[in-house]
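[1] Give me a 3D structure for the following:
(chains A and B, ligands or ions: 1)
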Amino acid sequence: MKIDRRSFLSFIIGGAAGTTLSPLPWKLMDDMSIWTQMWPWTPVPENGEVSYANSTCTLCPGGCGISVRLIDDRPVKIEGTEGHPVNDGGLCVMGLSGLQLLYGQSRVKGPMKRVGKRGEKNWEQISWDEAISMVAEKLDELRSDGESHTLSCISGSDQGTVPELFKRFLDAYGSVNFTRMPSIDDSYELVLKLMHGVEASAGFDVENTDFLLSFSSGILEGWGSPVRMFSANGSWKKSGGKVVQIDSRLSNTAAKADHWIPINPGNEVVLALGLAHVIIKDSLYNKEFITNYSYNFENWKRVVLNEYSPESVEKVTGINKTIIRALAKDFAGAKKPLAICGKGQGKNPGSTSEFMAVHALNALVGSINTDGGVWAVDNDKQNYIQWPDVKKDSVAESGAQRDRIDGAGTENYPYTRYLPNRFIENINSSNESLVKLLFVHGANPYYTLPDTHNVRKAFEKIPFIVSFSSYMDETALNADLILPNHAYLERYEDVPRTRSFNRPIIGLSKPIIEPQYNTRHSGDVIITKEKKMGGSIAAALSWENYEQCLQETLGDKWETLNENGFWVDETFKVPGWKNAFKTPTLKCDFSYNELFSLPHFCILGIKGDDPSYPLALIPYDSMRLANGFIGDPPFVIKTVEDTVLKGKDMFVDINPDTAKKYGLVEGSKVILKTPNGELKVRVHLFEGIFQNLVAAPRGLGHTGYDKYISGKGANVNELIGTFEDPASGHDAAWGIAAQLIKV
Amino acid sequence: MSQSEDKVSENSAEKKQPRQPGENEQGNGSSGPILLLFIVGLVISLIIGWVIFPKLLYSQKKQPIDFNHELHNQEVDEGCISCHFFREDGSFAGVPKNEQCAGCHEEVLGESTDEAILVEEYIAKDKEIPWLIYSKQPDCVFFSHAAHVKMAEMGCKTCHGPIGKSTSLKMYEENRISGYSRDIWGKNISGIKKNEWDRMKMNDCAACHKEAASAKASASKRSPQLFFDLLAMVFPDAGKPQKTEACFVCHK
Ligand code: SF4
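    Numbering: from 1, shown residues only, chains lettered A, B, ... in the order given. Next up is the predicted model:
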């Protein structure tokens, strides 16, 4: 039988008819549709029992309570804890994205030692035993050479058991060089020490204030405890509270405030004293407070009245004198006014004179230790860490006699506690090797400290650097050994004293999930390391492990903390004025404010008067850009506008007039150059900024972490320098002279 | 007239010529083979479609261990719900976890090899048993057991059949394309079912819901809803979906 075209066609038609009459096409279609809607490679959340565990977020100093939603044992979502005194159910975008840090690719999966050059990303995985022995050996070596003081530690915080363990270790070992990363805490602590005579942290009763005068503080940019400030801002809107934002750039806070008063950065202190002038002159100050609780007010008053008239202030700041008068009257006329300072998120300590002037303004209107005012939250009241004194051996004794490398607490800076800017400076300027071994814990100084160039140089001079980071941040990348801590959802840790919170509070970070990698709690590492070293060092810490140390230290608070995730001192009342001041006169001391007299006033914090740098570069903060020891995880970076970051390009804000002058249009590529370096960026034209300023976002340009975090934009710290405050030694730089070069 | 038009007319002239008998088929000149081949094609494709295709479509997978539902059912007080329980928050626990099994099976009971595997491989090692779930629906399907079992008071058997009476687990047949069990489409490849529980496709849900919806609709006079009324005009058979019948109720 010959098969021709027709019979073949007939066969095909038969086949087609049969196929149609069979389930094949219909079933295939059905299956295909299911397959295409359920790509097998799309991750599908597991089904399981839902539960919540309370903990505390440690991604910033905000101290928010978090409730982690678990499906069986796996954390799947982070929510804010309802009823938590700091954030009452709220959470910031970073806190929400915490799981991406937990599960993300930037985790350090076990102890590692560097094998290539620093920063080359060439690592060798080693065992914990080997890693700890390596450190113990180094420590032994230094100690036997009589160089125990060359061990230093940079920590993100100096509160809580883990930083205290590091401090204690340094104490017993024989070094005084424990340093905390810079922030407005430095300045507020200093102000309270000088004016109140107390060791305290500043708390702000923001929920109860009805007039908030903010000197460039980013209420909506992450100042203080970010979520708390957001909800306070919401409550002012409802209750009719007023917000006046003094800011050099139309920040989100400025845009949402009732009034925005643009100011050239660095002039805030002059304005504050100008307001004080009007308040004193018009006799609007709180007589009771000033008469009974102030010391040396008359001298201060004389300086303010002589030199800070609205006319003179207008000359310096360019702010109309009528505005100055009206603002002073509104501020003093409010029932519960409050003035705050610390630029943006408050990452930089800033100028001491500014902090003192703003505090004096609060004192003038009696907003100190009162409802809606600023409170000195006594450190002793919230100090639950009552460990016995370290019994020092001779080496430790002689180490303790030495001055700190950064000079804090010495004759020049008697009341200052930490000076990381000088720490870096002094390492670089010394011919000796001041630091031979550096521990870095809960901090990423290599990225976050201003003047990256100098930090890099200082790091190069330190022969051995140990990072305790859970993530491959820039500091870890440039360390010699990484002893990775458990990630924040995998470990116990107490988080005391939430920044800017006005009551003693302790948060507890709890292990929500088993450690996923071969990491170890830094507290445990310190304790074991001490055991390895033996002698007085081991005796200083007799705990079995960190958990036992924490439980013992927290004592009867342990149970409450474990259950709620926080403990707050319910008995703590508005401190009031009586017995509040521990200065020699037992009054609020205005003496130190005399230092800052207008004729001698100089705008602090800008380097160079070279005419080739006609502009000033200021960094700015945003809630959408994490710029602490952690970088923006993918969810957060997705929220950044493309006028800030587009692809890999970072944008800087300039005024359209400035753009015209330089022949630039929106998106033009430029080189942003400062005496410290240069970066390729693009410009965003923005009316909300002065003609002489360039504003660059802080928190971009990571080189560490994973591919999702790194390589986006540039790190503005590369361009910024430090500027030492003459009174405190703190870094008071708010910007740097800059120029734009069209490319 | 152009050249192309000439060609057209030539062609049509040719076609119009009456065909001679026997000339319409080339070669053997009969319609027999054509029909035969048609039938051959038909039969082959029917065999492929009905017999070979289902065999190829599903792969056979054995459960990690065998399980006797009937035996366990006798041991517990509350029937299915004793192991397949509702959690405190009302969600349905589904397939039991080791925790439930371990209540009795901490130690090896009896002599079956499956029992030994259960205790030694899973419970002792605290490893969950990777059960293959016959009724597992795609992830986009949201199904609430509470709404059906607790509120509508339906028995497990309505959808899952008399599984409680089975003495061993049947072979799990996995659809090679979609990855789900054969039980969703139904054992019968044509999709025809004898029992309510033979299939678990959307139509099977819809059939029951349609019934319930129309019963409800006739019981209470519904106020007109433009969208659904228009929908009913276009698809008179679609029933009149209430809010609870909208697509997003099940498809999240
Ligand atoms: S504000 Fe800080 S502490 Fe609070 S959730 Fe965000 S990152 Fe965490």
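[2] Give me the phi and psi for the closest residue to the ligand within the stretch 51-200 of chain B.
    Here the stretch 51-200 of chain B gets closest to the ligand at one residue, B:Asp89, 25.4 Å apart by C-beta to the nearest ligand atom. C-betas here are computed from N, CA, C, even on glycine. Backbone torsions for B:Asp89, taken as degrees, to the nearest 10, come to phi -80, psi 10.
[3] and the nearest residue to it once chain neighbours are set aside, what does it touch?
    With sequence-adjacent residues excluded and distances taken as C-beta to C-beta, 6 or more residues apart in numbering or on different chains, B:Asp89 is closest to A:Val50, at 6.3 Å. Neighbour list for A:Val50: A:69-71, B:87, B:89, B:91 [criterion: C-beta atoms under 8 Å, 6 or more residues apart in numbering or on different chains].
[4] Swap in 7 Å and give it another go.
    A:69, A:71, B:89, B:91 (C-beta atoms under 7 Å, 6 or more residues apart in numbering or on different chains).
[5] Tell me the bridge partners for it.
    A:Val50 has these beta-bridge partners by DSSP bridges: A:Ile71.
[6] Strands of the stretch 151-252 of chain B, residue ranges please.
    Counting by DSSP state E, counting those that start in this stretch, the stretch 151-252 of chain B has strands at residues B:172-175.
[7] list the helices and strands the lowest-mean-pLDDT helix or strand in chain A packs on?
    Lowest mean confidence among the helices and strands of chain A (mean pLDDT, DSSP states H and E): helix A:535-540, at a mean of 77. If you count contacts as 3 or more C-beta pairs under 7 Å, 6 or more residues apart in numbering or on different chains; DSSP states H and E, helix A:535-540 packs onto helix A:161-173, helix A:522-533.
[8] Let me know which of those helices is the nearest to A:Asp282.
    Nearest of the helices and strands packed on helix A:535-540 to A:Asp282, taken as C-beta to C-beta: helix A:161-173 at 46.6 Å.
[9] After the closest one, which helix or strand is next? Please name it.
    Sequence order places strand A:178-180 as the next helix or strand after helix A:161-173, per DSSP states H and E.
[10] residues near B:Ile52, how many?
    If you count neighbours by other C-beta atoms under 10 Å in any protein chain shown, B:Ile52 ends up with 13.
[11] just the residues of the stretch 1-150 of chain B that are near chain A, which are they?
    Contact residues, the stretch 1-150 of chain B versus chain A (C-beta under 7 Å from any C-beta of the partner chain): B:25-27, B:33-34, B:37-46, B:48-50, B:53, B:87, B:89, B:91, B:93-94, B:138-140.
[12] follow-up on the earlier one: next one: the residue of the stretch 51-200 of chain B closest to the ligand from A:Lys336, what distance?
    Separation of B:Asp89 from A:Lys336 (C-beta to C-beta, to the nearest Å) stands at 43 Å.
[13] A:Val68 too?
    Separation of A:Val68 from A:Lys336 (C-beta to C-beta): 36 Å.
[14] ok, now A:Asn122?
    A:Asn122 sits at a distance of 58 Å from A:Lys336 (criterion: C-beta to C-beta).
[15] What residue spans form the domains of the chain?
    Reading this off chain A. Following automatic domain parsing, chain A resolves into domains at A:112-182+A:387-563, A:185-214+A:232-380, A:606-742.
[16] please go with chain B instead
    Using automatic domain parsing, the domain ranges for chain B come out as B:69-174, B:201-215+B:223-252.
[17] okay, the spatially closest residue to B:Lys193 that is not a sequence neighbour: pLDDT?
    Using C-beta to C-beta, 6+ apart and skipping the chain neighbours, the partner closest in space to B:Lys193 is B:Arg199 (4.8 Å). Here the pLDDT value assigned to B:Arg199 is 93.
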